[in-house]
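Asks: Fold the following and give me the result.
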Amino acid sequence: MNPLRRELQLRREILRALDSCDGLLLPEDALLHGLRLAVAPAPLGSEFAAALEFLEAQKLIVGVRPRLGGPPKWKLSDEGRAELATL
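Replies: Numbers count the residues shown, from 1 in each chain. Next up, the predicted model:
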């Protein structure tokens, strides 16, 4: 698969997964697990991290990193919901 097409597929699936949470925060490990089930071949951790970094930089998703520890959690932003509607 074309690398650019793969990146777009991963980003789109992350947006879809977060959209299905109806505004609730989704732990990063659960998001990765779902993504590995939805995309073939399963994404590498580095691909997943790059997709999250891109989506957060574009303000399409919001990451919450607990100060007391634990995995980051993610949710779809309003901008992300609007972007998803155009896909």
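
Asks: Can you tell me the centre-most residue of the chain?
Replies: In the chain, the C-alpha nearest the mean C-alpha coordinate belongs to residue 14, at 3.2 Å (CA atoms, centre = their mean).

Asks: Now that residue, what are its backbone angles?
Replies: Per-residue torsions, residue 14: phi -60, psi -50 (degrees, to the nearest 10).

Asks: Leaving out sequence neighbours, find the closest residue to residue 16.
Replies: Nearest non-adjacent residue to residue 16, counting by CB to CB, 6 or more residues apart in numbering: residue 84, 6.8 Å away. C-beta coordinates here come from the backbone N, C-alpha and C atoms, glycine included.

Asks: Run through who's touching the strand or helix carrying that neighbour.
Replies: Using DSSP states H and E, residue 84 sits in helix 78-86. Helix 78-86 is contacted from outside by 12, 15, 16, 18, 19, 55, 58, 59, 60, 61, 76, using CB atoms under 8 Å, 6 or more residues apart in numbering.

Asks: thought the fifth one was touching residue 76?
Replies: It stands for residue 19. Yes: in this structure, residue 19 is within contact of residue 76 by CB atoms under 8 Å, at 5.3 Å.

Asks: Next up, phi/psi of the residue of the chain positioned farthest from its centre, please.
Replies: The outermost residue of the chain, judged against the average C-alpha position, is residue 68 (22.7 Å), by CA atoms, centre = their mean. Per-residue torsions, residue 68: phi -90, psi 10 (degrees, to the nearest 10).

Asks: Show me where the protein has its strands.
Replies: Residue ranges of the strands in the chain, as given by DSSP state E, are 26-27, 61-64, 73-76.
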